[in-house]
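> Build me a structure from this.
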Amino acid sequence: MSVSKLKIGCFRYDTTRPLFDGTVPGDNLEYTMDTAATLPEIFERLIRGNEFDVAELGLTFHLRLLEPDSPFVALPIFPNRVFRHSCVFVNTRSGITGPRDLVGRTIGEFGTYGQDSGVWAKGILRDEYGFEPARNRWLIGGLEHPSAPFGFISHPHPENLEVSEVPEGKTLSAMLDTGEIDALFSANVPQCVLDGSSNVARLFPDFEPLERDYHRRTGIFPIMHTIVARRDLLQEHPGLARDVYRTFTAAKDAAADRYRHDRRLYQVPTMVPWMHALVEHNNEQFAGDWWPYGISANRVTLDTFLRYHYEQGLSSRQWKVEEVFAPELLDT
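Numbers count the residues shown, from 1 in each chain. Have a look, this model is predicted:
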């Protein structure tokens, strides 16, 4: 279909870089790409500023907008997905040596209670280790810079859950380092960890084997973000959702093809030692498509996130995949 030039807001990933570079032509689309220094900036510019026709959005943000009714519709395009055993950090003097030691602790989370990485981490810890978020105190604020919880989205949580803001002028990273909080659920690695502070460590220091085992057992590769489009635009232009889907898929496939091609070059276009070994190792675990888009290949992962979202009191009911994504793309 033909539509006037779309404004697309998205982070620059391997999977989307061809869209920024213009190396993948739009499937009947004319578009301009825009990004931001941080992902929450993209989300806020979409939700509060109404700046984009199509944009990346965290799954939990999209689900919160669905109640009562969202101006956006999700497309089964997933530019950001990360295994999340690695996202739980602890103060080494807190006495936390395993998941069961989290009970009764003060835990920090960036921006909102139940950001996408936090939803996954809490859900996995509950399924695998019996973790109960309601048995902890939660502090919400800025990771590296003092800031209030996100002001552009609602903040649902169970009534029996103790959730409060980080004290004025404080940051979660510094509070973890000093022991003012016992643990931190964070999508980003805090600076105190990057600086090598002896006061902080991951809950699961050797996280890769755990995450690989989790994937082998469950088939789940956690999804953080989706792509959404303006509902009115999709209604005005039948076929637009599929055109956007095909264009993003072509960009992702082009990125995957680059890794396949670079196998014969030992992945020398990257500067990561033994990158070729990692690629070959992943080829053994991920059959065919490492990073699938569409509903069928991701239904188990999506159903699990929707269950976690409801169990954690972030949704008033458990949403179904068919209610969340564009009807014309449910066959993907």
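
> now the helices for the stretch 1-150 of the chain?
Counting by DSSP state H, counting those that start in this stretch, the stretch 1-150 of the chain forms helices over residues 17-21, 39-47, 59-65, 116-129, given from the N-terminal end onward.

> which one of these lies closest to residue 289?
Put simply, out of the helices of the stretch 1-150 of the chain the one that sits nearest residue 289 is helix 17-21, at 16.4 Å, with distance taken as Cβ to Cβ. To be clear about C-beta, it is placed using only N, CA and C from the backbone, and glycine gets the same treatment.

> Tabulate the helices of the stretch 1-150 of the chain (a markdown table), appending distance to residue 5, mean neighbour count and mean pLDDT.
As requested, these are exported to a markdown table (distance: least, Cβ to Cβ, whole Å; neighbours: other Cβ atoms under 10 Å; pLDDT from 0 to 100):
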| stretch | distance to residue 5 | mean neighbour count | mean pLDDT |
| --- | --- | --- | --- |
| helix 17-21 | 13 | 18 | 96 |
| helix 39-47 | 17 | 20 | 97 |
| helix 59-65 | 24 | 23 | 98 |
| helix 116-129 | 30 | 22 | 97 |
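
> would you list those in TSV and tack on distance to residue 156?
Output for these, formatted as TSV (distance: least, Cβ to Cβ, whole Å):
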stretch	distance to residue 156
helix 17-21	33
helix 39-47	15
helix 59-65	7
helix 116-129	12
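
> Go through those and name the closest to residue 197.
helix 116-129 (20.9 Å).

> now for that closest one, which elements pack on it?
For helix 116-129, the packing partners by 3 or more Cβ pairs under 8 Å, 6 or more residues apart in numbering; DSSP states H and E come out as helix 59-65, strand 183-185, strand 223-230, helix 299-311.

> List the contacts of it.
Defining contact as Cβ atoms under 8 Å, 6 or more residues apart in numbering, one finds that helix 116-129 is touched by 58-60, 82, 84-85, 87-88, 98-100, 102, 109, 114, 131-133, 185-187, 214, 222, 224-225, 304-305, 307-309, 311-312, 314.

> Need the buried ones from those residues selected in ChimeraX.
Paste this into ChimeraX to select the buried members of these, with burial taken from 16 or more other Cβ atoms under 10 Å:
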select :58,59,60,82,84,85,87,88,99,102,109,114,131,133,185,186,187,214,222,224,225,304,305,308,309,311,312,314
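
> Select the longest strand from the protein.
strand 72-81 (DSSP state E).

> Just list what that one packs against, helices and strands only.
Applying 3+ Cβ pairs under 8 Å, 6+ apart, one finds that strand 72-81 makes contact with strand 54-58, helix 59-65, strand 223-230, helix 231-236, helix 240-262.

> Off-centre distance for it?
Centroid separation between strand 72-81 and its chain, computed with Cα atoms, centre = their mean, to the nearest Å, is 10 Å.

> what's around residue 275, how many residues?
When neighbours are defined as other Cβ atoms under 10 Å, residue 275 has 17 of them.

> how about the closest residue to it other than its chain neighbours, what does it touch?
Beyond its immediate neighbours in the sequence, the residue positioned closest to residue 275 (Cβ to Cβ, 6 or more residues apart in numbering) is residue 267, lying 3.9 Å away. Shown here is residue 267, whose contacts under the criterion Cβ under 8 Å, 6+ apart are 259, 275, 276, 279.

> what residue ranges in the stretch 201-332 of the chain score low on pLDDT?
With pLDDT under 70 as the threshold, the stretch 201-332 of the chain has no low-confidence stretch at all.

> ok, back up a step: any idea of the angle the longest strand of the chain forms with strand 223-230?
Strand 72-81 runs at 150 degrees relative to strand 223-230, counting by axes from the mean of the first three to the mean of the last three Cα atoms, to 10 degrees.

> what about the closest residue to residue 328 other than its chain neighbours, how many neighbours?
In space, residue 328 comes closest to residue 241 once its chain neighbours are excluded; the distance is 5.3 Å by Cβ to Cβ, 6+ apart. Residue 241 is flanked by 24 other residues according to other Cβ under 10 Å.

> Residue 241 and residue 234 touch, don't they?
Yes. Checked against Cβ atoms under 8 Å, the pair residue 241 and residue 234 is within contact range at 5.4 Å.

> between the two, what contacts are shared?
If you check residue 241 and residue 234 against Cβ under 8 Å, 6+ apart, the residues they both contact are 73, 326.

> sorry, back to before: distance-wise, check the residue nearest to residue 275 relative to residue 278.
Distance of residue 267 to residue 278, computed by Cβ to Cβ, to the nearest Å: 8 Å.

> list the buried ones in stretch 67-79?
Applying 16+ other Cβ under 10 Å to stretch 67-79 flags 70, 72, 73, 74, 75, 76, 77, 78, 79 as buried.

> I misspoke; the intended subject was stretch 319-332.
By neighbour count, and taking 16+ other Cβ under 10 Å as the criterion, the buried residues in stretch 319-332 are 319, 321, 324, 325, 326, 328, 329, 332.

> Sweet, I'm off.
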